[in-house]
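Chemist: Sequence below, structure please.
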Amino acid sequence: MNDSPWAAEPVPAGPAYDAYAGQHTRPMPIVPDPAGSDFEDREARERGAAPLDGPLFRDETPPQEPMPTPPPQAPQDAPQPPQKKRAGRDLRAAIGVGVGLGAVIFASLFIVKAVFIGVIAVAVVVGLWELTSRLQEQKGIKAPLVPLAVGGAAMVVAGYVRGAEGAWVAMALTALAVLVWRMTEPPEGYLKDVTAGVFAAFYVPFLATFVAMLLTADDGPQRVVTFLVLTVVSDTGAYAVGWRFGKHKLAPRISPGKTREGLFGAVAFAMVAGALCMQFLIDDGSWWQGLLLGLAVAVSATLGDLGESMIKRDLGIKDMGTLLPGHGGIMDRLDSLLPTAPVVWLLLALFVGTG
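Modeler: Numbers count the residues shown, from 1 in each chain. Predicted coordinates for the structure are as follows:
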């Protein structure tokens with residue numbers, strides 16, 4: 001068999017035969033077709049023969065390249081057990097600092113009332129320092145601290161000595177001092193600086209003055225204890241219930257950690273504590289008044305917490321300070337106390353009077 005793939009048809013081995021005469025003839029030379037391999041391949045395909053550039057036999061397949069071996073897949077990680085919820089702060093430090101502050105407050109409250117007024121004044125001054133420092137660091141707002149600190153301390157004392165009238169007069173004089181003090185600097189930014197200063201004077205010392213006003217009653221220490229206990233119990237109930245059962249966000253854009261379940265916990269805990277405090281601590285108080293008082297405290301404490309969270313989000317910070325380990329700064333502890341103080345003072349004045 002002629003191995004040349006260009007032959008038109010197979011030629012037997014040996015001398016070529018003449019198809020018509022049956023005589024030996026001279027082998028005919030094979031002349032390549034000038035049409036090229038394309039013509040021969042087409043002719044071969046018409047006869048069913050293999051093409052030139054393919055295998056010689058139909059059942060012959062070209063060697064295939066070995067398939068690349070896929071890289072071994074990493075074994076899938078075993079499903080991790082759900083992690084337990086953890087508090088966002090150092091719980092031991094927070095408890096220790098809270099107990100220490102409580103001891104100082106209660107000791108000053110029941111030994112010498114004037115010492116407790118001094119504790120309030122110190123907390124106000126430190127809170128003003130934290131707030132004005134963060135405003136200047138994050139926003140470039142220079143609320144004058146000196147008139148705020150002096151006026152804030154005077155405001156607390158005036159509220160204790162002269163009541164609500166004295167507190168309002170001191171607030172007005174503090175605002176005026178802020179306006180005048182800021183005039184000693186260039187006018188650029190004057191409006192935003194004095195606006196922040198007046199806001200700080202109202203937000204910290206003026207609201208804190210209502211705590212001093214609670215102390216002026218005959219059962220003043222018990223009223224202050226009721227105010228502190230209800231606020232702390234409200235915060236504790238919100239944290240405990242929200243941490244354990246919280247699923248629905250209360251205000252995700254302001255404070256993602258707060259839940260509606262936590263708010264219900266705050267209301268329930270505060271109402272129970274309010275009924276007990278009004279029944280056993282406040283003169284002429286009744287348990288049903290304590291239920292209303294506890295409900296109001298839970299709402300005001302939550303709004304106060306959300307209000308400061310709004311301020312901190314605007315400033316782009318997590319805490320107002322680092323003075324209290326596990327708590328942040330003084331302002332991070334006053335956030336729910338400050339707006340709750342006037343609420344408690346007003347409701348107690350309506351329920352049992354101011355004497």
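
Chemist: shaky segments in the protein?
Modeler: By pLDDT under 70, the low-scoring segments of the chain are 1-91, 93-94, 98, 326-327.

Chemist: and the longest strand for it?
Modeler: strand 255-259 (DSSP state E).

Chemist: what's the offset of the helix or strand just after that one from the middle of its chain?
Modeler: Using DSSP states H and E, the helix or strand that follows strand 255-259 in sequence is helix 260-280. When distances are taken as Cα atoms, centre = their mean, to the nearest Å, helix 260-280 is centred 26 Å away from the chain's centroid.

Chemist: Toward the C-terminus from helix 260-280, list the very next helix or strand.
Modeler: On the C-terminal side of helix 260-280, the nearest following helix or strand under DSSP H and E is helix 287-315.

Chemist: The helix or strand that that next one is followed by packs against which elements?
Modeler: Under the assignment DSSP H and E, the closest C-terminal helix or strand after helix 287-315 is helix 330-334. Counting contacts by 3 or more Cβ pairs under 8 Å, 6 or more residues apart in numbering; DSSP states H and E, helix 330-334 packs against helix 113-139. All C-beta spots, glycine's among them, are computed from the backbone N, C-alpha and C.

Chemist: got the buried residues for the helix it packs on?
Modeler: Neighbour-count burial for helix 113-139 flags 113, 116-117, 119-121, 123-132, 134-135 (criterion: 16 or more other Cβ atoms under 10 Å).

Chemist: Now do the contacts for I317.
Modeler: Neighbouring residues of I317 by Cβ atoms under 8 Å, 6 or more residues apart in numbering: 134, 138.

Chemist: what does F202 give?
Modeler: So F202 contacts M171 (Cβ under 8 Å, 6+ apart).

Chemist: Report the separation between G189 and L306.
Modeler: Per Cβ to Cβ, to the nearest Å, G189 is found 28 Å from L306.

Chemist: Repeat that for V126.
Modeler: Using Cβ to Cβ, we find V126 at a distance of 22 Å from L306.

Chemist: Strands of the stretch 101-250 of the chain, start to end?
Modeler: Assigned by DSSP state E, counting those that start in this stretch, the strands in the stretch 101-250 of the chain fall at 249-251.

Chemist: Now do the helices in it.
Modeler: All helices of the stretch 101-250 of the chain, identified by DSSP state H, counting those that start in this stretch, fall at 113-139, 145-182, 190-201, 207-214, 220-245.

Chemist: Give me the angle between the shortest one and helix 287-315.
Modeler: Translated: helix 207-214. Helix 207-214 runs at 160 degrees relative to helix 287-315, counting by axes from the mean of the first three to the mean of the last three Cα atoms, to 10 degrees.
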